[in-house]
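Participant: Okay, predicted coordinates and the sequence, questions at the end:
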Amino acid sequence: MPINIPLQEFVRHFALQKTDRSIIFESTVVAYYNGITTEKHCQVEVVTLFDRQFVNLLNVNNNDMPDQFDVEQDTISYVPNLCLRIDKKDGEAIVLIFPKK
């Protein structure tokens, strides 16, 4: 399985803990989607399924923002000491994930 370096750096910097096959943490998520910027407080899950990694936003209304991201398909970048940025492959959304300390 290819390791996503920005995602790995983000998890390491914020000392996010793995339970079973996933990492779940509280965060503030800011999304630009359908021309609208939305901010939500929710849990984020980083999960590995069938040798692929996904980032899921839990308990969000997916009319406000996408709630699942494929680490191989979408562009993942880590803004050092600040947040994880996800650009959807179709260009329809940009999501910033700020973990709660």
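Facilitator: Arrived safely. Bear in mind that the values here come from a model prediction, so they are computed numbers and not experimental data.

Participant: Pairing partners for the helix or strand bottoming out on mean pLDDT in the chain, with directions?
Facilitator: When each helix and strand of the chain is scored by mean pLDDT, DSSP states H and E, strand 18-19 comes last, with a mean of 84. Sheet partners assigned to strand 18-19 using DSSP bridges are listed as strand 22-33 (antiparallel).

Participant: Number of residues surrounding residue 69?
Facilitator: Residues lying near residue 69 (other C-beta atoms under 10 Å) number 24. For the C-beta atoms, the positions are set from N, CA and C on the backbone; glycine is no exception.

Participant: There's contact between it and residue 52 in this structure, I believe.
Facilitator: No - contact criterion C-beta atoms under 8 Å: residue 69 and residue 52 do not qualify, at 11.3 Å.

Participant: Could you find the closest non-adjacent residue to residue 70?
Facilitator: residue 54 (5.9 Å; C-beta to C-beta, 6 or more residues apart in numbering).
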